[in-house]
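Asker: A structural model of the following input is requested.
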Amino acid sequence: MENRRSFVKKLGWTAGAVSLLGLYPAFGWSPIIERKNPIRIKGRVATNGKGIGNVVVSDGNTTGLTNKNGYFEFLSTTHQPFVFLSMPTGYEIDQLGNGSASYFFPIDPVNHKMEVLFQLKPLGQSDDKHSLLLLADPQIQNEYEAAQLLEISTPDIVDTIKSLNDPNTIGVGCGDLVFDRLDLFKDYNNAVMQMGVPFFQVVGNHDMDLGVRSDELSTSTFNKLFGPTYYSFNRGEIHYVVLDDVFFTGNNKEYIGYITENQLIWLEQDLGHIEKGSTVVVCTHIPVASGVKNKEHLYELLAPFKVHILSGHTHRNTNYPDSNRFEHVHGAVCGAWWSGPICSDGTPNGYGVYQMRGSEVTWKYKSVGESMDHQFRFYKRGSHPEFPNSCALNIWNWNPDWKICWYENGDCKSHIHKVDATDPMSIELHLGKLLPERRPWVEPAKSDHMFFFEPGENLDKITVEVTDNFGNTYIQTIKSEDM
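Answerer: Coordinates of the predicted model:
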């Protein structure tokens, strides 16, 4: 069997250069375990019969570009399950029968060669402006929870999609789509199909095949339904990357937050095709800032870019702004595991809504059952047992660029204390061995988005004004009896 080195030599390829024959750009590869019998993969990326050049194609190990006529060819030398393209800007995203994005072909390990055609259809409009809905942790475990997702969350998401009025809307399922019940993927898929936009899926720790002995085998069901666990795509001026940062140890349900060397090597090649200074959006399940063991190696690869990292997993809403990157950890669609209307930190059950304009990204958190302007919750004086003389605010999507003040008799007061504290509603719903009834192991969680202040006495009313980092202002007036 012809090995990779002789095949590359035969074509006249050199690393990082175009072949001497001018046929195909060189494909990079990584030094991981090779197939005994490499598979020759060739194909074309085309639209209306015309080839599309400079499209990134990969098997998750080898990565390269199509030539000017849209053709590519390489040897898949490692045990990778898919060949996929990084969807170029300006084309429709095909969908599988389950509503998820279609951008890949399975690699048949039996045959020694395969040929594929990625047939793309141009969009009817520019995708420089596009929207993204980020759904973290639907995490359905039984039929009751599947019904909650389908009957409560999904209609809210559908209404949000309609209100965006954006033909370029896409979705990301940010992991823990189910709660160890892989048979319930059918209900999750039903919800996605009702939403009506292409969804890119991220694998979570509760989406794995737990009866296997190693991480390499833990995503078999996910792969069959959704394709690769790491890949990239492009919309407008933004490059998107999905990574699998859940490493299964093979011991019961044990896992760690970790990005494998295979992925880091692939990502280094993938980002090599992106202009430095571009906006890159990375989607993972486990928060990178707080939960990934080898995060610094990822940060090093992302350093030349303007980066947003979107994650979930914690069922709490947290923001981590840091130099060139901003990590958004999202509250859960299921809240505190479908036990009530909020997460353990008081964030409402909900999802992220992102709007992209060129290379710029804006965002809000959308609470299920509330308007998009529902961005904080006020608590009257004494609601929190640790702060009996204070009113409280939970501003779940807060970051240091937000501004907060309240008005007494028309005067803006800004002396407010940010305290890592629990949320009063979460204390009421979650504190104690018997609460919440459906999930008694849930407890109130502290967050960095609780604020406390002490208004004056004998006031008829106060007005709370919160302004986000995009200049959107959210106002609530509270009468004396509710203070």
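
Asker: any idea how far Ser426 lies from Phe179?
Answerer: 20 Å (C-beta to C-beta, to the nearest Å). Every residue, glycine included, has its C-beta placed from N, CA and C.

Asker: compare those two and say which is more crowded by neighbours.
Answerer: Neighbours were counted for Ser426 and for Phe179 using other C-beta atoms under 10 Å; Ser426 has more, 25 against 20.

Asker: could you verify that the more buried one is part of a helix?
Answerer: Yes: applying DSSP: H, G, I helix; E, B strand; the rest coil, one finds Ser426 inside a helix.

Asker: that one against Pro348, yeah?
Answerer: No: contact criterion C-beta atoms under 8 Å: Ser426 and Pro348 do not qualify, at 11.1 Å.

Asker: now do the shared contacts for the two.
Answerer: Residues within reach of Ser426 and of Pro348 at once, by C-beta atoms under 8 Å, 6 or more residues apart in numbering, are Ile342.

Asker: contact partners for the residue most central in space within the chain?
Answerer: By C-alpha atoms, centre = their mean, the chain has its centre lying nearest to Cys283, at 3.7 Å. Going by C-beta under 8 Å, 6+ apart, Cys283 touches 134, 172, 174, 200, 202, 240-243, 309-311.

Asker: in strands, which of those fall?
Answerer: 134, 172, 200, 240-242, 309-311 (DSSP state E).

Asker: among those, which ones are buried?
Answerer: 134, 172, 200, 240-242, 309-311 (16 or more other C-beta atoms under 10 Å).

Asker: for this protein, what spans make up the helices?
Answerer: 4-11, 143-148, 154-164, 185-195, 220-226, 261-271, 288-291, 295-302, 424-430 (DSSP state H).

Asker: what comes into contact with the second one?
Answerer: This means helix 143-148. So helix 143-148 is contacted by 139-140, 179, 184, 187-188, 334, 338 (C-beta under 8 Å, 6+ apart).

Asker: and if we set it to 7 Å?
Answerer: 140, 184, 187, 334, 338 (C-beta atoms under 7 Å, 6 or more residues apart in numbering).

Asker: what comes up buried for that helix?
Answerer: Using 16+ other C-beta under 10 Å as the test for burial, helix 143-148 gives 145-146, 148.

Asker: just to revisit the earlier point, including distance to Glu115, neighbour count and pLDDT, could the contacts of helix 143-148 go into JSON lines?
Answerer: Formatted as JSON lines, the contacts of helix 143-148 follow (distance: C-beta to C-beta, whole Å; neighbours: other C-beta atoms under 10 Å; pLDDT from 0 to 100):
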{"residue": "Ile140", "distance to Glu115": "39", "neighbour count": "29", "pLDDT": "99"}
{"residue": "Leu184", "distance to Glu115": "36", "neighbour count": "22", "pLDDT": "99"}
{"residue": "Asp187", "distance to Glu115": "36", "neighbour count": "21", "pLDDT": "99"}
{"residue": "Cys334", "distance to Glu115": "43", "neighbour count": "24", "pLDDT": "99"}
{"residue": "Trp338", "distance to Glu115": "46", "neighbour count": "26", "pLDDT": "99"}
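
Asker: which of those residues sits closest to Asn69?
Answerer: Asp187 (43.7 Å; C-beta to C-beta).
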